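Participant: Starting from these lines, generate the structure:
(chains A and B)
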Amino acid sequence: MSDSTLLSTLLLSPLISAALIFFINMLFLNPRQSLFTFLALTGSGVSAVLALIVSYQSYFHAQVFTSHLFTWLSIGEFTIELALKADALGSFMLLFVAPVSFLIHLYASGYMDKDKSYGRFFTYFNLFIFFMFLLVLADNPIIMFIGWEGVGLVSYALIGFYFEDIQNTYAGNKAFIVNRVGDFGFLSALMLLFIEAGSAGFSFDSIFLSLAQIDPSMLSLIAFLLFVGAMGKSAQIPLFVWLPDAMAGPTPVSALIHAATMVTAGVYMVARFAPLYTMTPDISLFIAYVGAFSALFAAIVATRQYDIKKILAYSTMSQLGFMFMALGVGAYSTALFHMFTHAFFKGLLFMAAGYIIVAFHHKQDIRELQGIRKSLPLLFVMMFTASLSISAIPPLSAFFSKDAIMGALYASGHVELFLMALVASLLTAYYMFRMVFVLFYSQKTQSTKKSSKSMLYPMVVLTVLSVFAGLLNLPELFGGNLNISNWLNLLDKELLLPHAKELLLISVNTLLILGVILYTYKRYAYTQAIHKESQENLVAKKFYVDEIYTLLITQPLHYLSIFFEQKISHGIIDRLINLSALYYARAGILFSYLENGNVRFYALYMLIGVVSGFVYLYWALRGVL
Amino acid sequence: MLEKYMILSIILFSIGIVGLISRRNIIVIYMSIELLLNAVNLSLIAISADTADASAQVVSMLIIAITASEAALFMALFVVLFRNKASLDVNLFDILGNKR
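Facilitator: Down below sits the predicted model:
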């Protein structure tokens, strides 16, 4: 198979399986569920295998895969090609997006077992990874934008998957509308980029070549608007409100979209535009601050959540905040590496949550799920491992990625960012182990029914990955040589610490985190502390952000639209139109006197017409005759 | 000579028009229409004789044939109208008009 066919197959196989599932689901009354499972797993499995080949070739042979599907637009000199390109960054994204997607497909086939909309679910699921691949592999920002919008659209459909409950539909709407705000930024940035740098072609490479000619203030504006897009997709302050609500979807959706793939699109986009962001240090710093505040905010809110999925949702937002901090100080590959490990352990955590939810009859409140260790021992091990990993305990994967971020923040000289990240990371350990200890360490015991094997296997794989994935980017301190960072070869800023200082930083970090875990154990394990927490304070109410948005944005918009509807539309426009209609009616009455139905009058009118016609003819032809 | 025929034709036509517009009895209106048609016939034949061209006579023969069939239609119309309103006053038959 040639390189270009390989890349096209990678992209198109989920699309084809989505289309097949869709048509079978539409055309046949009672299709077999196993057929859907087969198609969905083939679609994503083929992509996963090809993605591994692509990233293998890219890593070991520095090969760049390209594929030109067709020319989408051709206006004079200007063309938009539907071209794919898997450079190091793209292959790196494929390396975790495709296999994790496949594992989540496998998991979902167990989770959604005997669901009446099984076919619809996998249509969306496969369509989603198609758009995700399109986003990752796009060779120009316009194709990337199509993938970007596509994942947004499918995520809307998946969040509102159980649309019988209107609340889920509202959650889907919220995600879609909030993302629109972000897309507005992205689209405006693309337009500006096109005006400023579009003359010499619009692929990423040619844009980056012409960046130097753009006015610096315009460049900052473009960078800022692009980041607004990233804010929406990656759930950063202030556009994060959709992510917790998006937990209304089925749990595999949360695992796929809100942990491993879609929310990482913003981080990927900023990393893709790294040449732009290195030229705009102010905007980069702004990104770092937004990331820091998001990380801290989400971590604080997560400490008072009780819904197992909401805790994980805020945790995702917090981890994304870490990534943006790293992006902001110029440590692009560090951010991407954290995204890489995050995909594994967060996917695993969501899967574990889904497993618990299925096993205990769709209960999601950790206060009702206490004491489930005896009945789910394997799950306990996996969840505990993932929690250790996300808390950055050595030598698990997130330890390497998160400590690299902390080191970069420290080395960048922004101590306030470093401190915020430190607090957020301590809070991470706190809220994760609060959940773990409440769920698993309790005097109470609950028994459960069995769950399917197809849910368990992907989790085992992800557990292994979330333990060992960190070794891929071993820093020099531990005898590695930053393989992934070297592979990605992005425009990283040199942010190196002396080894002694780095070691000190890491040990202090780890000790603090262990201390927090110990404190959490004391507080929550085998106690009723979780039931005594106040429901009324600022944190438990999520800092009233939703209420503030309602007050500041939704309500004024609502009143404004009522004003326009009643005063402007009915009061002015309708009146004007009715007025003109009235005068037409008056004029009609005038003419209706002529139409009296009396034949003799009609004959008279005819006569008048004919006579005046002749008079005119006589007058007009007088000269000629 | 043609001029005299034309004057006669115009006189006949004018009488027909006045009858058509001013009379209320539908039979008189019918007769007025016949008068109009025959005024045209007369002028056609006169012109035909004057220019020694027979084609105008063909047209007038056609008009006579049409007038004959029209007469049959009008007879049927009189019967229907009379059955409806027991009158042949055209002013009674104005349901297409503006009723206020």
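Participant: Skip the chain neighbours and tell me the closest residue to the residue nearest to the spatial centre of chain B.
Facilitator: For chain B, B:I33 is the residue whose C-alpha lies nearest the centre (Cα atoms, centre = their mean; 1.7 Å). For B:I33, ignoring the flanking residues on the chain, the nearest one in space by Cβ to Cβ, 6 or more residues apart in numbering or on different chains is B:L20 at 6.5 Å. Every C-beta, even on glycine, is put in place using the N, C-alpha and C of the backbone.
Participant: didn't the one you found look like it was pressed against B:Y30?
Facilitator: No: in this structure B:L20 lies outside contact range of B:Y30 using Cβ atoms under 8 Å: 9.5 Å.
Participant: where does A:K541 fall, phi/psi-wise?
Facilitator: Reported as degrees, to the nearest 10, the phi and psi values for A:K541 are phi -90, psi 10.
Participant: scratch that, A:T527 is what I was asking about
Facilitator: Main-chain dihedrals, A:T527, degrees, to the nearest 10: phi -130, psi 180.
Participant: Kindly provide the distance from it to A:F468.
Facilitator: Distance from A:T527 to A:F468, counting by Cβ to Cβ, to the nearest Å: 34 Å.
Participant: If you count surrounding residues, which of these two has more?
Facilitator: More crowded of A:T527 and A:F468, by other Cβ atoms under 10 Å in any protein chain shown: A:T527, with 16 against 13.
Participant: any idea how far chain B is from the more buried one?
Facilitator: In this view, A:T527 and chain B are 90 Å apart by Cβ to the nearest Cβ, to the nearest Å.
Participant: Model confidence for that residue, exactly?
Facilitator: Listed pLDDT for A:T527 reads 82.
Participant: repeat for A:I553
Facilitator: The predicted structure scores A:I553 at 87 on the pLDDT scale.
Participant: same check, this time on A:A404
Facilitator: A:A404 is assigned 88 on the pLDDT scale.
Participant: isn't it right up against A:P475?
Facilitator: Yes: A:A404 lies in contact with A:P475 (Cβ under 8 Å); the separation is 6.4 Å.
Participant: Confirm that the residue nearest to the centre of chain B sits in a strand.
Facilitator: No: using DSSP: H, G, I helix; E, B strand; the rest coil, the secondary structure at B:I33 is helix, not a strand.
Participant: Now do the contacts for it.
Facilitator: B:I33 makes contacts with B:G16, B:L20, B:E70, as judged by Cβ atoms under 8 Å, 6 or more residues apart in numbering or on different chains.
Participant: Over to A:E416?
Facilitator: A:A292.
Participant: Regarding A:S447, what is its secondary structure?
Facilitator: Assignment for A:S447 (three-state DSSP): coil.
Participant: Per-residue pLDDT of it, please?
Facilitator: pLDDT, A:S447: 74.
Participant: which residues touch the nearest residue to it once chain neighbours are set aside?
Facilitator: Closest residue in space to A:S447, ignoring its immediate chain neighbours: A:S375 at 5.2 Å, by Cβ to Cβ, 6+ apart. Shown in contact with A:S375 (Cβ under 8 Å, 6+ apart): A:A359, A:T445, A:Q446, A:S447, A:T448.
Participant: tell me which element A:V539 falls in.
Facilitator: Following DSSP states H and E, one finds A:V539 outside all helices and strands.
Participant: Name the nearest residue to it, sequence neighbours excluded.
Facilitator: Counting by Cβ to Cβ, 6+ apart, A:R304 is the residue found nearest to A:V539 once chain neighbours are left out, at 4.6 Å.
Participant: before we move on, what about A:A603?
Facilitator: Spatial nearest neighbour of A:A603, excluding adjacent residues (Cβ to Cβ, 6+ apart): B:L20 at 5.1 Å.
Participant: Kindly report the same for A:A265.
Facilitator: In space, A:A265 is closest to A:K233, 4.7 Å off (Cβ to Cβ, 6+ apart).
Participant: can you count the residues close to that neighbour?
Facilitator: Neighbour count for A:K233, taken as other Cβ under 10 Å: 27.
Participant: re earlier: and the residue nearest to A:A603, what is it in contact with?
Facilitator: Contacts for B:L20 were tallied using Cβ under 8 Å, 6+ apart; they are A:R600, A:A603, B:I29, B:S32, B:I33, B:L36.
Participant: are any of those buried, and which?
Facilitator: A:A603, B:I29, B:S32, B:I33, B:L36 (16 or more other Cβ atoms under 10 Å in any protein chain shown).
Participant: residues contacting the last one?
Facilitator: B:L36 makes contact with B:L12, B:F13, B:G16, B:I17, B:L20, according to Cβ under 8 Å, 6+ apart.
Participant: One more pass at 7 Å, please.
Facilitator: B:F13, B:G16, B:I17 (Cβ atoms under 7 Å, 6 or more residues apart in numbering or on different chains).
Participant: Buried only: go through these for me.
Facilitator: Taking 16+ other Cβ under 10 Å as the criterion, what is buried in the contacts of B:L36 is B:F13, B:G16, B:I17.
Participant: For A:A288, see how far away the second one is.
Facilitator: So that's B:G16. Computed as Cβ to Cβ, the B:G16 to A:A288 distance reads 100 Å.
Participant: Which residues of chain B lie near chain A?
Facilitator: Within reach of chain A by Cβ under 7 Å from any Cβ of the partner chain, chain B has these residues: B:I17, B:L20, B:I21, B:V90, B:N91, B:D94, B:I95, B:L96, B:G97, B:N98.
Participant: per-residue pLDDT, the second one?
Facilitator: As predicted, B:L20 sits at a pLDDT of 90.
Participant: Let me know the helix or strand that it is in.
Facilitator: Counting by DSSP H and E, B:L20 is found in helix B:2-22.
Participant: Report the buried residues of that helix.
Facilitator: Buried residues in helix B:2-22 (16+ other Cβ under 10 Å): B:Y5, B:S9, B:L12, B:F13, B:G16, B:I17, B:G19, B:L20, B:I21.
Participant: do you know how far the third one is from chain A?
Facilitator: If you measure B:L12 against chain A using Cβ to the nearest Cβ, the figure is 15 Å.
Participant: quick one, what contacts that residue?
Facilitator: B:L12 touches B:L35, B:N38, B:A39, B:L42, counting by Cβ under 7 Å, 6+ apart.
Participant: Which of those residues fall in helices?
Facilitator: Among the contacts of B:L12, DSSP state H puts B:L35, B:N38, B:A39, B:L42 in helices.
Participant: how many other residues sit next to the third one?
Facilitator: B:A39: 20 surrounding residues under other Cβ under 10 Å.
Participant: That one contacts B:S9, correct?
Facilitator: Yes: at 4.9 Å, B:A39 counts as touching B:S9 under the criterion of Cβ atoms under 7 Å.
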